[in-house]
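1. Need a 3D model of the following:
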Amino acid sequence: MLNERSFSTAPDCGDCPIRHRAVCARCENDELEKLEQIKYYRKFEAGQSIIWAGDRMDFVGSVVSGIATLSQAMEDGRTQMVGLLLPSDFVGRPGRNVAAYDVVATTDVVMCCFRRAPFEDMMQRTPHIAQRLLEMTLDELDAAREWMLVLGRKTAREKIASLLSIIARRDATLNKRGPETGAVVFDLPLTREAMADYLGLTLETVSRQISALRKDGVIALEGKRHVTVPDMSRLMEEAGDDADGGLLV
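-> Residues are numbered from 1 along each chain as shown. Okay, here's the model as predicted:
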């Protein structure tokens, strides 16, 4: 069930770092005031569960900061990571009161949550919210289809480059700068073990391919997590994507 630890130092809507990408991105001031009445913030520490598959979901919401994983378990206990939740991604599905996946915080996560029933009511009365949620859902569908290509057809090197490009481009978008303008710098939110799980690779393969990308100048590393991409177009080429495409922005 939902972790009950609250977050008291939440950002004001006007200062929210995901305001331009979140489900409320198109809302007018009066609509934001209505959302304010049904929202609350939660903080989850790295490794904590946000929701377990099969649990009742009394909330929906957006990731404000941090990264979480979506995983699905099989009857024999095997699990598969099926998605990442990055800042501005939406958690929960209006109209469904049971969680379909395990959601676990990979890093410290802050979520802006809305009580599900009032949010569903607002969707009916607020076209801006319904329209934005539809856009986000279609973007997620496109990303899922592209990810099928990554897992099914791309080489190990292309898989690593694809994942790095997703994170780099999202970081650039959240910080309102084009990924094509100079170097993109970000902290990799996943361990190499988690990357291996997500990409269907071995830990040794992930480490080897990251080292190869670094050696070839596609990325620069400071420690294991601090990544600099000197040229996004070069990284996109390594991922097998053109500059106009890509998996997720």
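
2. contacts, neighbours, all on C-alpha from now
-> Fine.

3. Check which element follows the helix or strand bottoming out on mean pLDDT in the chain along the chain.
-> Among the helical and strand segments of the chain, the one scoring lowest on mean pLDDT, DSSP states H and E is strand 79-85, with a mean of 84. Taking DSSP states H and E as the definition, the helix or strand that follows strand 79-85 towards the C-terminus is strand 90-91.

4. Tell me which residue lies nearest the centroid of this protein.
-> A centroid search over the chain (CA atoms, centre = their mean) returns Leu86, at 2.0 Å, as the residue closest to the centre.

5. which stretches of the chain form strands?
-> Assigned by DSSP state E, the chain shows strands spanning 39-44, 49-51, 59-65, 68-73, 79-85, 90-91, 102-105, 109-115, 184-187, 220-222, 226-229.

6. Tabulate these (a markdown table), appending distance to Cys24 and mean neighbour count.
-> Supplementary listing: the strands of the chain in a markdown table, determined by distance: least, CA to CA, whole Å; neighbours: other CA atoms under 10 Å:
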| stretch | distance to Cys24 | mean neighbour count |
| --- | --- | --- |
| strand 39-44 | 12 | 21 |
| strand 49-51 | 21 | 21 |
| strand 59-65 | 10 | 23 |
| strand 68-73 | 20 | 20 |
| strand 79-85 | 17 | 17 |
| strand 90-91 | 11 | 21 |
| strand 102-105 | 22 | 22 |
| strand 109-115 | 11 | 22 |
| strand 184-187 | 25 | 18 |
| strand 220-222 | 35 | 15 |
| strand 226-229 | 30 | 19 |
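
7. Include distance to Ile166 when you put these into CSV, please.
-> Rendered in CSV, the data for the strands of the chain read as follows (distance: least, CA to CA, whole Å):
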stretch, distance to Ile166
strand 39-44, 23
strand 49-51, 23
strand 59-65, 16
strand 68-73, 15
strand 79-85, 10
strand 90-91, 17
strand 102-105, 18
strand 109-115, 19
strand 184-187, 11
strand 220-222, 17
strand 226-229, 12
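
8. Minimum distance to Glu33: which of those has it?
-> For Glu33, the closest of the strands of the chain is strand 39-44, at 10.1 Å, according to CA to CA.

9. which helices and strands does the closest one pack with?
-> Applying 3 or more CA pairs under 8 Å, 6 or more residues apart in numbering; DSSP states H and E, one finds that strand 39-44 makes contact with strand 109-115.

10. which secondary structure elements does the strand it packs on contact?
-> strand 39-44, strand 59-65.

11. JSON lines for these, including mean pLDDT and distance to Thr106?
-> Putting those into JSON lines (pLDDT from 0 to 100; distance: least, CA to CA, whole Å) gives the following:
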{"stretch": "strand 39-44", "mean pLDDT": "94", "distance to Thr106": "9"}
{"stretch": "strand 59-65", "mean pLDDT": "93", "distance to Thr106": "11"}
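
12. returning to that earlier point: determine how far the least confident helix or strand of the chain lies from the middle of the whole chain.
-> Here strand 79-85 shows a centroid-to-chain-centroid distance of 11 Å under the convention CA atoms, centre = their mean, to the nearest Å.

13. List the strands paired with that strand, with their directions.
-> According to DSSP bridges, strand 79-85 has the following sheet partners: strand 68-73 (antiparallel).

14. any residues touching the strand it pairs with, and which ones?
-> With contact meaning CA atoms under 8 Å, 6 or more residues apart in numbering, strand 68-73 is reached by 53, 79-86, 101-107, 109.

15. CA atoms only for that strand - export them in CSV, please.
-> Once side chains and other backbone atoms are set aside, the C-alpha atoms of strand 68-73 remain, and they are given as CSV (Å, rounded to 0.1, in the frame of the first residue of the first chain):
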residue,chain,number,x,y,z
ALA,A,68,11.1,4.8,-10.0
THR,A,69,10.7,1.4,-11.7
LEU,A,70,7.7,-0.5,-12.9
SER,A,71,8.0,-4.3,-12.4
GLN,A,72,5.8,-7.2,-13.0
ALA,A,73,6.1,-10.6,-11.2
